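Enquirer: Requesting a structural model of the entry that follows:
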Amino acid sequence: MTAPPLPREVISAFGALPVPIGKRLLQVRDLIFAIAAADDNVGRLTETLKWGEPAYLTDDTGSGSTIRLGRLKDSDHAAILFNCKTTLVDTFRERFPDQFEYRQTRALLLPAAGKLPKQALSVCLSLALTYHLDRRGKRAR
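Expert: Next up is the predicted model:
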């Protein structure tokens with residue numbers, strides 16, 4: 001499945017990023033939609049802006065925690081941002097201690113260039129998109 005066309009306001013948000021970071025985050029966006037399409041529990045995603053950044057919500061099913069794409073002020077990496085009140089980033093850090101750079105409990109950072117670590121990143125994104133299902137015990141891990 002391919003990702004749906006970008007909403008106009010989301011195009012603007014990606015366009016406001018430095019080109020290498022925007023390109024990397026568009027790759028992450030494609031992966032988010034592919035993972036959602038492959039998991040019936042996730043349902044259709046809502047793509048919108050939160051705090052001026054592209055955000056992906058599981059409004060239809062409530063299965064997951066919001067994923068935002070952007071950049072941190074003090075970094076030249078692409079940032080995938082998560083709700084800091086979740087255990088997601090701690091879980092990623094536990095599973096992939098050397099694969100990614102992390103910021104506190106809110107962000108996973110990716111270099112803007114180089115090969116996208118699709119396998120590890122897919123696990124992280126899938127955990128975010130099903131966070132509430134896992135927490136409610138509705139799905140075996």
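
Enquirer: OK, contacts around residue 22?
Expert: Neighbouring residues of residue 22 by CB atoms under 8 Å, 6 or more residues apart in numbering: 14, 15. The C-beta positions use only the backbone N, C-alpha and C, and glycine is treated the same way.

Enquirer: Is it in a helix, a strand, or coil?
Expert: helix (DSSP: H, G, I helix; E, B strand; the rest coil).

Enquirer: Stretch 33-41: which residues count as buried?
Expert: For stretch 33-41, a neighbour-count test (16 or more other CB atoms under 10 Å) marks 33, 34, 35, 36, 39, 41 as buried.

Enquirer: next one: stretch 77-94
Expert: 77, 78, 79, 80, 81, 82, 86, 88, 89, 91, 92.

Enquirer: rewinding a little: can you convert the buried residues of stretch 33-41 into TSV and add a column each for secondary structure and distance to residue 126?
Expert: Shown next, in TSV, are these (DSSP: H, G, I helix; E, B strand; the rest coil; distance: CB to CB, whole Å):
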residue	secondary structure	distance to residue 126
33	helix	12
34	helix	10
35	helix	5
36	helix	9
39	coil	7
41	coil	10
